[in-house]
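next comes the sequence, and after it the predicted model I'd like to discuss.
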Amino acid sequence: MTRLWTFPAVAGVAAAVLTVWLVRAVGILVAQGPSASVVTVPSLGLLYTAGPAVLCAVPIVVLARALRARLGRSAGVSTVVGLAGGVLVGVVQTWVLLSSWPWDLSSGLLVEMVGLPMLGGVVGGLVAGLVARRRDARDAGDPPGRTRAR
């Protein structure tokens, strides 16, 4: 069971983190031009998001297991799980870092605190779903009784 979840989940989290970092870096690059802050500011944002993301890991896994058991292992289900996980991380991040709820924030801060994790969650969920689908298709081609070395 762990092998079925580990690689797609790691690929999804890596894609989510890279997406959020790139969106922040491009925004800084456009606003300020090339400088050291293009690398440091998005990285600092990821550091601040890491704690709330760890707090949300167990509820996201429980949600993923429940949805995938009922709806299957499609990329769409993984994308929905990623969307829900991104929103959850955004809400918890807002609560932990600002001691506020998302609906109390201005629109710019709301996009930064909830919108970016949500976008990262959608991309990460889609990547995880595609990786899982590819692994399922590859494993379906194996003869019965044979397992691939991973």
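That came through fine.

the most centrally placed residue in the chain sits in which helix or strand?
The centre of the chain sits closest to residue 121, judged by Cα atoms, centre = their mean, with a distance of 3.4 Å. For residue 121, the host element (DSSP states H and E) is helix 116-140.

and residue 88, helix, strand or coil?
helix (DSSP: H, G, I helix; E, B strand; the rest coil).

how about the contacts made by the closest residue in space to it that isn't next to it in sequence?
Excluding its sequence neighbours, the residue lying closest to residue 88 (Cβ to Cβ, 6 or more residues apart in numbering) is residue 56, at 4.9 Å. For every residue, glycine as well, the C-beta is placed using N, CA and C. Neighbouring residues of residue 56 by Cβ atoms under 8 Å, 6 or more residues apart in numbering: 85, 88-89, 92.

and what of residue 32?
If you count contacts by Cβ under 8 Å, 6+ apart, residue 32 has them with residue 38.

thinking again about what came up before, now the residue nearest to residue 88, what are its backbone angles?
Backbone geometry at residue 56, expressed as degrees, to the nearest 10, gives phi -90, psi 0.

equivalent analysis for the one 4 residues further on, please.
In terms of degrees, to the nearest 10, the main-chain angles of residue 60 are phi -70, psi -40.

so how far is residue 139 from it?
Relative to residue 139, residue 60 is positioned 24 Å away (Cβ to Cβ, to the nearest Å).

which one of those two has more residues nearby?
Neighbour tally, residue 60 and residue 139, criterion other Cβ atoms under 10 Å: the higher count belongs to residue 60, 20 against 13.

surely the more buried one and residue 86 touch.
No. With contact defined as Cβ atoms under 8 Å, residue 60 does not reach residue 86; the gap is 9.3 Å.

which residues of this protein score low on pLDDT?
Filtered on pLDDT under 70, the chain yields the residue ranges 1-5, 141-150.
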